[in-house]
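In: sharing a sequence plus its predicted fold:
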Amino acid sequence: MHWSDGHRWANIAGTVLVAALGWRAQCDRLDSLAWLVAWPLTHLGLLLQPTLAHYGGLSGVLHAGIVVAAVSLLQRERGTRRALGAAVLLGVALKIGLEQPWLGTLQRWPGWNIAIAPGAHLSGALAGLGCALAAALWRHHASAGRQAAASFPQ
């Protein structure tokens, strides 16, 4: 559910951005699972804001997806792609900092004819980060196990 046409188009643009970064990061099933698990965790984070009466849209979940893809780039890539992952994470952190979610549950921003819940962006980014780090740890342990098995004498 979206509260305005602008809100809907912003979420469509965000979805395209997540898809493009996920494609660039060559996200796999484990990354997809991390994003899937981050989805309900994003919404659980909104429960920490008892004054938030209702919420609509995908912005929190999209923030989770961006963070998952960026962490995947950081973990599995080198050079420019790795730098892209770091830049995206820095950009998300800067965006959330500028939104100042600690100033209130709902905020009015120029150009938006709806109230924005910046806590959803923070909750999504944190859920995405936690799930992405769990996926990275899983991937690392699986890789170490395969390397150990390959070096074990037959």
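Out: It's in.

In: poorly predicted segments of the chain, please.
Out: 1-3, 144-154 (pLDDT under 70).

In: center of it, which residue is that?
Out: Nearest residue to the geometric centre of the chain (CA atoms, centre = their mean): residue 64, 1.8 Å.

In: how much space between it and residue 58?
Out: Distance, residue 64 to residue 58, using CB to CB, to the nearest Å: 10 Å. Any C-beta I mention is one placed from the backbone N, CA and C, and that applies to glycine too.

In: joint contacts of those two?
Out: Residues touching both residue 64 and residue 58 (CB atoms under 8 Å, 6 or more residues apart in numbering): none.

In: what's the helix or strand for the residue nearest to the centre of the chain?
Out: Assigned by DSSP states H and E, residue 64 belongs to helix 59-76.

In: run the chain-centre distance for that helix.
Out: 4 Å (CA atoms, centre = their mean, to the nearest Å).

In: on contacts alone, who are the packing partners of the longest helix along the chain?
Out: Secondary structure of the chain read by DSSP state H shows that its longest helix is helix 118-151. Helices and strands touching helix 118-151, by 3 or more CB pairs under 8 Å, 6 or more residues apart in numbering; DSSP states H and E, are helix 29-46, helix 59-76, helix 79-99.

In: compare the ones you listed and give me the one nearest residue 123.
Out: Nearest to residue 123 among the helices and strands packed on helix 118-151 is helix 29-46 (3.0 Å), distances taken as CB to CB.

In: now do the buried residues in stretch 79-91.
Out: Neighbour counts over stretch 79-91 (16 or more other CB atoms under 10 Å) mark 84-85, 88-89 as buried.

In: stretch 28-35 now?
Out: Those would be 30-31, 34-35, for stretch 28-35 by 16+ other CB under 10 Å.
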